[in-house]
Structure formats: C-alpha cells, structure tokens
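J.: Can you look at this prediction? I've put the sequence above it.
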Amino acid sequence: MKRYAVVLAAGQGTRMKSKQYKVLHPVCGKPMVQHVMDQVSKLGVEKTVTVVGFGAEQVKEQLGAQCEYALQEEQLGTAHAVMQAAPYLQGLEGVTIVVCGDTPLITAETMKALVEHHLAAKAKATVLTAIADDPAGYGRIVRNSAGGVEKIVEHKDANEEERAIREINTGTYCFDNQTLFQALINVTNNNAQGEYYLTDVIEIIKAGGGTVSAYQAPSFEETIGVNDRIALAEAERIMRERICRRHMENGVTIIDPGCTYISADATIGRDTVIYPGTVIEGETVIGEDCTIGPHAEIKNCHIGHRTSIRHSVAHDSEIGNDVTIGPFAHIRPLSKIDDEVRIGNFVEVKKSTFGKGSKASHLSYIGDAQVGADVNLGCGSITVNYDGVHKYMTKIEDGAFIGCNVNLIAPVTVGRGAYVAAGSTITDDVPGRALAIARARQVNKEHYVDRLPGTKKS
Ligand code: UD1
Ligand code: CA
C-alpha cells in the first residue's frame, strides 16, 4: 500500500502575536515544521506535499527539496488547505497521512502505529486522538454508544456537553487517499469560524458508508498543537526533556536536565558530562568523556574525545581530542583546533587553525591565523588582522614562542621555532629559530625624580 503525506503549514498563527510565521517558530532550536517533516520522512512515503501560504518562501527555504509544495493563497481552513494538494495526490491509490505543521512533538512511531491501526481496521479515515487534562481549544472526539467515532466538534462550535469531552483531535489523520479527496468536495464553511474544517470529512465519510476509526496516542504531550507562546514554551520543555532523556539513555551524564538545552540534532558520546547552563545547538557532535559546561554555548561544532569546554562559546568549528577551552573563551566560526590544544581565559579565536599541543592560555585575539603545532602564544598575544578595509593572514610555524603582549601585524609569518620578545610589534617576517625584538630598548634615568621641582630629596 503506497503512502503519501500532507503537512499543513499555511496558517499565519495569529495567536502567536509574532512577525514570524507560526510553523517557523523554533522548538529546541529547530522550526516546528522541520520537526514534523523529519518525522514524516521516516514513514516511507512516496510523496509529501506541504501546504504553504503565509511565509511560503521562508517555509520552502527551510524545508528545501524534502517535499513538494502546494500554495494555499487564502487561508480558508484546514479542509481547504488539504484540497490544495489535490493536483499532486487526487486519484492515487494508497493512504494519506495528514499532519499539522504546528504539532512539533509528534513522532514517526506514533504515525506508523496510526497507519497500521488504520489498515487493520480497514478504515477510510482514522483520527489520531489523545486524552487531554485541559482540552480547551482542541476539536473534541464525539463517540457513539458503541464507542465508534461519530464526529469531531471544534471547541468554538461545541456545546457544554461536548466541551466536557477530554478526548481531542490531535490534527493527525490517516485517510484512504481517494476517499479523502472525494469527501473534501462536500465540506462547507457553515460553522463558528466560517472555515472549511478538515474535521468535517469524518462525518462525510461516515455518511457515505466508510469506516471511520480512531487511534489513541500514547500520551497527550506528544500531540500538543502550538497556537500561542504558552504552548510553545510547553512544547520546548517536553522536547527538551525528551532529548535529554535520549542522551542519558545513551550514557551521557546530564547533571541538571532542567537547565540543559540540547538541539534535536546533536550527537553526544558516552561518559561525557554536561553541566548546567549548557546550550548545545545545531548539528553538533561531541565525543566521549568530554566535560561540557557549566555555561557552555556550542553551535554546529564537531568535538573529539576527552575535551573540556567550560564557560565558553564555540560556533561552527572543529575541536579535537584532549582540548581544554575556557573558562571564558570564544571560538568563532571556521576555526579548527587540533588535539591537546589549550585555549584559556579571555581568548578569542576566529577563522584560525591551531596545530596539536599549541597554547593560547590568556587574554588573546587570534584571527585569520594559521598556528602550527606546539606553539606558545603568551598572555596578550594579538594578531592584527584588519587594516580597516581588508583582513590578512598570520602564520605562526611549529614550535614558535610568542612572548606576552605581542602584536603580529598581518600579513606576517613567524618561522619554525622562532622567539618573539614580549611587548614586540612585529611587522616583518621572523625567520625560523631567530629571536625578534621589536620595541624600544629600556632607558633608566638615574635620580630623575630628585631633579623634579618640588620633590623631597631622599
Ligand atoms: C486544528 C483542528 C482541531 C485540532 C487541532 C489540533 C480543524 C478545523 N481543527 O485546530 O480539531 O484539535 O488542530 O492541533 O482542523 N492551516 C493551513 N491553512 C488554513 C488553516 C490552517 O495550512 O487555512 C494549517 C496551520 O498552519 C496549522 C494547521 O493547519 O499548521 C492547523 O491549523 P490551526 O488554525 O492551528 O487549527 P486549530 O485551531 O489548532
Ligand atoms: Ca493548531
């Protein structure tokens, strides 16, 4: 049986009160609609159609070539939205999963179980339902005396009795594809919101003699629909807990999961310890036996084993094994830090490479630099990489020793094993194994102070 999917993502999300389109609001750093798409892509579907409207261009940019797109120019309701996918799907044999772009916690496992239930029940439509403690805002599942699904009533259209129902429509469904598109033609907008409700196809399919079934999700949490910032924070919390639990199950120690923020796409090795206040974003990979945090912000980095990053920021960089970073260091994009390097307090590294065993332990700016192996950058070493118009490269070869408070005015090369005296401002290349001194020689003026007018003679 062929499978198809429709993702509804055209709504503006008025209740978010935001300039950002609803489905692009991130949960644990990833837009809601991307979470949904990532799960849908595990279902083995032939074709996925995302219905876009508000923010169509941005949604397309986010999802790229993962799916096809149907434009819903006017947002006339969820049935009208699914209808826009007709040019791609109408007439095809198979089952179609419909899911909302604002249910970021939905999992592939639950959607698979929904499809299996649907096929086993030989149903034409199966609704994924859940039991909510507070069902306000959701469509309610109205069952008949035999326990079958009778219809779905939207909160705004529901009477007192219906509002007391705690079984809700999660907005995820499985349909016989042909039945779905036939039923959609008969949906009207005669309701409290004047919209074409997808939920109305349930009654239409039933009236046409089709079997309608329901499958209850294992937890309500997985199915929450994010309509406002309160639900967004709730989704964030649940997703955060889910991600932390997965890492802990895999052998990562997380000292305080409530204060640890890990993106859905991060990978972390066994026996790594994550201290509180740590934010790990994007597609970060962290090896085994690392110490991360407290208070580390790491985005899109690739980090080896046994590395420690404390009270520091690292973005879009590669960091090797047995590296020590921080406290209070900043690794900016496109840096490549080899094994056993030490980047210490108040050191900023930008678009630079560090060879094995090199050290910048205190108070440095190293930008656009190629630092070899076993280089020692003394306290306050600075690469002067910018003349106000262009950026230039600094090259420091293996084993060089840069004294404290040295300015290396790029473009410049310090040769292999060379020494640069403390306080030097280096404008010319330093040959390998040479000592460069570039500062005025010290002059001591004996008894100078005694000769100043008004000073006491000692
Ligand atoms: C919908 C369901 C409700 C269910 C809830 C689950 C309907 C009528 N109601 O209500 O039963 O309990 O989801 O979260 O279906 N969208 C479009 N085009 C439109 C309208 C909406 O693409 O014209 C998209 C939105 O971007 C969103 C999704 O459809 O991703 C759901 O729309 P929303 O307005 O949030 O529906 P709810 O009121 O939450
Ligand atoms: Ca919603």
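T.: Thanks, I have the structure now. Ligands and ions are numbered 1, 2, ... in the order given.
J.: Next one: the residue of the stretch 201-350 of the chain found nearest ligand 1 relative to ligand 2, how far apart?
T.: With C-beta to the nearest ligand atom as the measure, Gly225 is the residue of the stretch 201-350 of the chain nearest to ligand 1, at 2.5 Å. For every residue, glycine as well, the C-beta is placed using N, CA and C. Going from Gly225 to ligand 2 by C-beta to the ion, to the nearest Å gives 4 Å.
J.: looking at it, that residue is touching Gly171, isn't it?
T.: Yes - using C-beta atoms under 8 Å, Gly225 is in contact with Gly171, at 5.7 Å.
J.: Check the contact lists of those two and give me the overlap.
T.: Cys100, Asp102, Thr103 (C-beta atoms under 8 Å, 6 or more residues apart in numbering).
J.: Tell me which of these fall in strands.
T.: Under the assignment DSSP state E, the shared contacts of Gly225 and Gly171 contribute Cys100 to strands.
J.: which among the shared contacts of Gly225 and Gly171 end up buried?
T.: Cys100, Asp102, Thr103 (16 or more other C-beta atoms under 10 Å).
J.: Show me what counts as buried in the longest helix along the chain.
T.: For the chain, the helix with the greatest residue count under DSSP state H is helix 229-249. For helix 229-249, burial by neighbour count (16+ other C-beta under 10 Å) applies to Ala231, Leu232, Glu234, Ala235, Glu236, Ile238, Met239, Arg240, Ile243, Cys244, His247.
J.: cool, and stretch 75-92?
T.: 75-85, 88-89.
J.: which two in the buried residues of helix 229-249 are spaced the farthest apart?
T.: Ala231 and His247 (24.7 Å; C-beta to C-beta).
J.: for ligand 2, what are the nearby residues on this structure?
T.: Asp102, Gly225, Asn227 (C-beta under 5 Å from the ion).
J.: CSV for the residues you listed, including pLDDT?
T.: Formatted as CSV, the residues of the chain next to ligand 2 follow (pLDDT from 0 to 100):
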residue, pLDDT
Asp102, 98
Gly225, 97
Asn227, 96
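J.: Now for Asn227: which residues touch it?
T.: Here Asn227 is in contact with Gly13, Arg15, Met16, Lys22, Asp102, Gly137 (criterion: C-beta under 8 Å, 6+ apart).
J.: Now name the helix or strand holding it.
T.: Under DSSP states H and E, no helix or strand contains Asn227.
J.: oh, and call the first residue 27 from now on, that's how I've got it
T.: Yep, numbering from 27; the last one is Asn253 now.
J.: Next one: it from Pro52, what distance?
T.: From Asn253 across to Pro52, the span is 16 Å (C-beta to C-beta, to the nearest Å).
J.: same question, Asn185
T.: Going from Asn185 to Pro52 by C-beta to C-beta gives 37 Å.
J.: So which of the two has more stuff around it?
T.: For the pair Asn185 and Pro52, the greater number of neighbours falls to Pro52 (16 against 8), based on other C-beta atoms under 10 Å.
J.: The closest residue to that one other than its chain neighbours: neighbouring residues, count only.
T.: Leaving out its chain neighbours, the residue that sits closest to Pro52 by C-beta to C-beta, 6 or more residues apart in numbering is Met58, at 7.4 Å. Using other C-beta under 10 Å, Met58 is surrounded by 26 other residues.
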